[in-house]
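# Below is the sequence, then the predicted model.
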Amino acid sequence: MELTSEEQEMVAGKHGKAAQTAMEILITLGEIYGAKKLIDVTSVQIAGVSYANLNEPGLAWLEEMAVDGKVRVMTTLNPAGMDLIDWRKLAISEEFAENQIRVVDAFKRLDVITTCSCTPYLYGNLPAYGQHIAWSESSAVCYANSVLGAKTNREGGPSALSAALVGKTPEYGFHLEENRQPELTVNIECEVKGTFRFGALGKVLGDRFGKKITYITGIPKASVEELKSFCASYATYGGVALFHMEDITPNKVNQIPDTIETVTENDMKKALGDLDDDTEIDFISLGCPHASLAELEYIAKKLSGKSINPKKEVWITTARPTKQIADRMGFTKMIEDSGAKIAADTCCVVAPIKGRFHGLASDSAKMCYYGSGRNKFAVKLMSMDECLEEALS
Amino acid sequence: MKLTGRKIYKGKAKGEALVTSDSISFYGGVDPENGIVVEKGHELEGVSINDKILVFPSGKGSTVGSYVIYQMAMTGKGPKALVLNDCEAIVAVGTIISELPCVDQIDVTKIESGMQIEVDGENGTVEIV
């Protein structure tokens, strides 16, 4: 790879040890994937924040980077393993909380903005069309590439941090226009409405077509909430970083692929059936990806004046700024008076909840995947209304 | 038989191949505490990847996977090496920070579980011994 003189200085360690390690990672990646040079990025999103996932080895690696590392571009952070303020109400242990705070402090020392959200595009890290960025968080990568038209590879936590420390990423993969064109057309021949059905569609496509870039037709409209649910699910089940959706996503398509596949209501029923275990629900998780303001308002009004079944735990996960506006608008009180909990800074995919519950209901297909795999819960994917009814019954 | 692919990360490893035709999400799909695959319905569900040379088509899912590979490597619960069809960055970064031998662009259907194989990361080769 061709390196500028400043980049060569970084390799030689003249800009500190963290920058040197970061360059090693970026150059190794660039050489594997045939990049000719490094290109500037305008923003970074880092995943790998929950102490439950980093554990001592991951934290030690980050602390080592934080000794002399400072990020060079705006860098935001994925959810942590707990609400950084109200972690006690989520019954998080003192020991976990201490370690989680060590993780967030290491990121602060690196000058990472500790947003702790998986939807950075809703909280001030909003790339413009065509900008090169380096994001991890699989759902946000898929959203940034597909819905916003920014350009990023699926970064791992360490490669995203490396890009932040250098301000650059190797030019390969989705940074190059020729790798962003669709490979097959998928006609959706059934109605897809609501976050849970968009999630189910993501599972259908991810299971069937894997990482192939699809050109999706037949979806008349989609909200931000539906798209974030779809991106989360599609990335979870298929490892997908980019899709095109006719009349909805902005990326240039040179030619609509001739290979055509269809998705029918039967495919959707099968996906929904895969995520419909026979179980008693004791945990309801909403806000994967993080609940938007519109979702919090909707949930608050549905729960207002009612009480959830005290045998059931309900977590609505969101970002701190949304929670603060919800506080101001009275949504938080409406939700918490019902017995449900708003958990900011965290999400049920990364919180240490293994063994605490048995049956999970969620409107997120991504949450169902991690609920069943990582946490060994029985899972049910249902609409947000059905989840709320389940909570109240 | 010697298969030639692409170097992802240097180093040599010799051991028993564990092969799957399903992609793997290291985060959520594998329990880092014991190296057992936990993804429901996965071909390797319930099987430990620890001390095996894991042979699989590609990574998928969460970008936290790099740290899961790192943690397993640091605690001795991980595989000896990785062999893939198509190694994406999440897995590649995991092997770089873990210093785990890794080769991709290998036709993984040529390898069967239980075979003794030797991975040479530097030269990007996999030899069935």
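Perfect, I can see it now. Numbers count the residues shown, from 1 in each chain, chains lettered A, B, ... in the order given.
# Please count neighbours and contacts with C-alpha atoms only from this point.
Fine.
# what's around A:Thr75, how many residues?
For A:Thr75, the neighbour count with other C-alpha atoms under 10 Å in any protein chain shown is 28.
# give me every residue that touches it.
Contacts for A:Thr75 were tallied using C-alpha atoms under 8 Å, 6 or more residues apart in numbering or on different chains; they are A:43-46, A:111-113, A:164.
# Can you redo those residues as CSV, where the extra columns are secondary structure?
What follows is the contacts of A:Thr75, written out as CSV (DSSP: H, G, I helix; E, B strand; the rest coil):
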residue, secondary structure
A:Ser43, strand
A:Val44, strand
A:Gln45, strand
A:Ile46, strand
A:Asp111, coil
A:Val112, coil
A:Ile113, strand
A:Ala164, helix
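# With respect to A:Asp282, which of those is nearest?
A:Ile46 (31.7 Å; C-alpha to C-alpha).
# surely the closest one meets A:Pro79?
No - under the criterion of C-alpha atoms under 8 Å, A:Ile46 makes no contact with A:Pro79, lying 9.5 Å away.
# residues bridging contact with those two, i.e. touching both?
Contacts common to A:Ile46 and A:Pro79, judged by C-alpha under 8 Å, 6+ apart, are absent.
# on that earlier part again, from the contacts of A:Thr75, which is closest to A:Glu265?
Nearest member of those to A:Glu265, counting by C-alpha to C-alpha, is A:Gln45, at 35.7 Å.
# and A:Ile39, how many neighbours?
Using other C-alpha under 10 Å: A:Ile39 sits among 17 other residues.
# what packs against the helix or strand it falls within?
Assigned by DSSP states H and E, A:Ile39 falls within strand A:38-40. Helices and strands touching strand A:38-40, by 3 or more C-alpha pairs under 8 Å, 6 or more residues apart in numbering or on different chains; DSSP states H and E, are strand A:168-170.
# Parallel or antiparallel, which strands does the longest strand along chain A pair with?
In chain A, with assignment by DSSP state E, the single longest strand is strand A:283-291. Strand A:283-291 has these partner strands in its sheet, going by DSSP bridges: strand A:313-318 (parallel), strand A:359-362 (parallel).
# just those: most buried one?
Most buried of the strands paired with strand A:283-291, by mean neighbour count (mean count of other C-alpha atoms under 10 Å in any protein chain shown): strand A:359-362, with a mean of 27.
# chain center to that one, what's the gap?
19 Å (C-alpha atoms, centre = their mean, to the nearest Å).
# so after that strand, what's the next helix or strand?
helix A:365-373.
# and the helix or strand bottoming out on mean pLDDT in chain A, what does it pack onto?
Here the helix or strand of chain A ranked lowest by mean pLDDT, DSSP states H and E is helix A:365-373, holding a mean of 91. Counting by 3+ C-alpha pairs under 8 Å, 6+ apart, the packing neighbours recorded for helix A:365-373 are helix A:195-209, helix A:224-238, strand A:283-291, strand A:359-362, strand A:378-381, helix B:26-29.
# Now do the helices in the chain.
Picking chain A for this. A:5-11, A:17-32, A:51-66, A:94-109, A:138-143, A:157-166, A:195-209, A:224-238, A:265-274, A:293-303, A:320-329, A:331-337, A:365-373, A:384-392 (DSSP state H).
# please go with chain B instead
B:26-29, B:65-75, B:89-98.
# Please pick out the residue of chain B most distant from its centre.
In chain B, counting by C-alpha atoms, centre = their mean, B:Met1 sits farthest out from the average C-alpha position, at 19.5 Å.
# For that one, which non-adjacent residue is spatially closest?
Counting by C-alpha to C-alpha, 6 or more residues apart in numbering or on different chains, B:Ile128 is the residue found nearest to B:Met1 once chain neighbours are left out, at 5.3 Å.
# what's next to the strand ranked longest in chain B, contact-wise?
Secondary structure of chain B read by DSSP E shows that its longest strand is strand B:12-19. By C-alpha under 8 Å, 6+ apart, the residues outside strand B:12-19 that reach it are B:49, B:51-56, B:80-81, B:101, B:108, B:111-122.
# what about 6 Å?
B:52-56, B:112-121 (C-alpha atoms under 6 Å, 6 or more residues apart in numbering or on different chains).
# Give me the below-cutoff pLDDT ranges for chain B.
Under the criterion pLDDT under 70, the flagged ranges of chain B are B:61.
# Any idea how many residues pack against A:Gly355?
9.
# any idea how far chain B is from it?
14 Å (C-alpha to the nearest C-alpha, to the nearest Å).
# Setting aside sequence neighbours, what's the nearest residue to that residue?
Using C-alpha to C-alpha, 6+ apart, the nearest residue to A:Gly355 is A:Asn375, at 6.9 Å.
# Restricted to buried residues, select the contacts of strand B:12-19 in PyMOL.
With 16 or more other C-alpha atoms under 10 Å in any protein chain shown as the criterion, this PyMOL line picks the buried residues out of the contacts of strand B:12-19:
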select buried, chain B and resi 52+53+54+55+56+112+116+117+118+119+120+121
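# Next, count neighbours for the closest residue to A:Gly16 other than its chain neighbours.
Excluding its sequence neighbours, the residue lying closest to A:Gly16 (C-alpha to C-alpha, 6+ apart) is A:Asp68, at 6.3 Å. By other C-alpha under 10 Å, the residues close to A:Asp68 number 14.
# same check, this time on A:Val263
Based on other C-alpha under 10 Å, the number of other residues close to A:Val263 is 17.
# List the contacts of it.
A:188-189.
# One more pass at 10 Å, please.
A:186-190, A:201, A:204-205, A:216, A:218 (C-alpha atoms under 10 Å, 6 or more residues apart in numbering or on different chains).
# Most widely separated two among these?
A:Val204 and A:Gly218, at 14.9 Å, using C-alpha to C-alpha across the contacts of A:Val263.
# partners of the spatially most central residue of chain B in the sheet?
Central residue of chain B (C-alpha atoms, centre = their mean): B:Leu82, 2.8 Å from the mean position. The residues listed as beta-bridge partners of B:Leu82 by DSSP bridges are B:Leu54, B:Cys102.
# For it, give its distance to B:Thr4.
Plainly put, B:Leu82 is 14 Å away from B:Thr4 if you go by C-alpha to C-alpha, to the nearest Å.
# swap in B:Val68?
27 Å.
# Between those two, which is the more surrounded one?
For B:Val68 versus B:Thr4, neighbours defined as other C-alpha under 10 Å are more numerous around B:Val68 (29 against 17).
# which residues does that one contact?
B:Val68 neighbours (C-alpha under 10 Å, 6+ apart): A:48, A:53-55, A:57-58, B:25-28, B:30-33, B:35, B:74, B:78, B:91, B:94.
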